[in-house]
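Chemist: Just need the structure, nothing else, for what follows:
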Amino acid sequence: MEQQSISISKAGIVTSLQARCSVIAAANPIGGRYDSSKTFSQNVELTDPIVSRFDILCVIKDVVDPITDEMLAQFVVDSHCKSQPKGANLTDRSATNSQDGVQASIGKTECEIIPQELLKKYITYAKLNVFPRLHDADLNKLAQVYAELRIESSHGQGVPIAVRHIESMIRMSEAHARIHLRQHVIQEDVDMAIRVLLESFISTQKFGVQKALQKDALQFEEIMSGSTAKFSYVDVKIAELQSKALDHGISDLEAFFSSSEFSGANFELDEAKGVIRHRLTH
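Modeler: Okay, the predicted model is just below:
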């Protein structure tokens, strides 16, 4: 729960109880299929105040993928074979083949499956003994991400970004640190929370907006994570700036391009490529 507590006022009893749990909800889209030309709220008919109370929104679409479809079909067949009673040799042989197939698929993933009992003990230990906290620098970074997403959400028609999303990123950062048994939140934890929120925000947008946001998100993550060694500059199309300027009644940008403020802020005009290049300082 968001506040880790729930208030009760009924039959003369007024109290507050602990509610340290997570809430997972699922909603089927209208018509049985998610329509990417509509917003998330229009697909599930939920109001923005209710949607904003969830930290993460995951849009699961039925995308046709031969590889994924074959893996799913194989899993269903294997599950069916293993559920058959032991009797005929044909059934036993099928079960053996299915087990071999499952082991082969597990081997391809190159990951070790943790026993369920060990996983339960691990989670219990983390909940009782690990209480990570963020540093002030991390909070400033999350605040900057929130401000940028607020600007982006005002242009799109997806789920609006609210103050609750700052708390969502804080909770996700602390949870990621806790699952790694860290008492302090590090850069990796904060970057993970930012990445999850970005993916959640983009997935709720219309299809046309998603493509543009996905390109911006990759560059945005690199800049926010501080790993700008690969990128010494950022390019902005002149046409995009001119379009934004026209919205504010500005049609001539030549004076701005030739001003000392433009060059003093590490901006360069490349008319041949039609972009404005901003040199990143390290």
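
Chemist: could you pull out the strands for the stretch 101-250 of the chain?
Modeler: Remark: strands assigned in the stretch 101-250 of the chain by DSSP state E, counting those that start in this stretch are 233-237.

Chemist: tell me, what residue is most central in the chain?
Modeler: Centroid check for the chain by Cα atoms, centre = their mean gives residue 196 as the closest residue, at 2.3 Å.

Chemist: which residues sit in contact with it?
Modeler: Residue 196 is in contact with 56, 172, counting by Cβ atoms under 8 Å, 6 or more residues apart in numbering. For every residue, glycine as well, the C-beta is placed using N, CA and C.

Chemist: Tell me how far it lies from residue 274.
Modeler: Between residue 196 and residue 274 the distance is 34 Å, computed by Cβ to Cβ, to the nearest Å.

Chemist: Repeat that for residue 122.
Modeler: 54 Å.

Chemist: And for residue 54?
Modeler: 41 Å.

Chemist: neighbour count winner among these two?
Modeler: residue 54 (17 against 12; other Cβ atoms under 10 Å).

Chemist: In a helix, that one, correct?
Modeler: No. Applying DSSP: H, G, I helix; E, B strand; the rest coil, one finds residue 54 to be coil, outside a helix.

Chemist: That one contacts residue 26, doesn't it?
Modeler: No. If you go by Cβ atoms under 8 Å, residue 54 and residue 26 don't touch, sitting 11.2 Å apart.

Chemist: the helices in this protein, which residues?
Modeler: 40-44, 48-51, 66-83, 89-109, 116-129, 136-155, 164-179, 187-203, 207-224, 238-247, 254-257, 260-264 (DSSP state H).

Chemist: Would you reformat those as a markdown table and include mean pLDDT and distance to residue 278?
Modeler: Formatted as a markdown table, those follow (pLDDT from 0 to 100; distance: least, Cβ to Cβ, whole Å):
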| stretch | mean pLDDT | distance to residue 278 |
| --- | --- | --- |
| helix 40-44 | 83 | 32 |
| helix 48-51 | 81 | 34 |
| helix 66-83 | 86 | 40 |
| helix 89-109 | 51 | 41 |
| helix 116-129 | 92 | 42 |
| helix 136-155 | 79 | 15 |
| helix 164-179 | 89 | 26 |
| helix 187-203 | 86 | 21 |
| helix 207-224 | 57 | 11 |
| helix 238-247 | 77 | 12 |
| helix 254-257 | 83 | 13 |
| helix 260-264 | 80 | 10 |
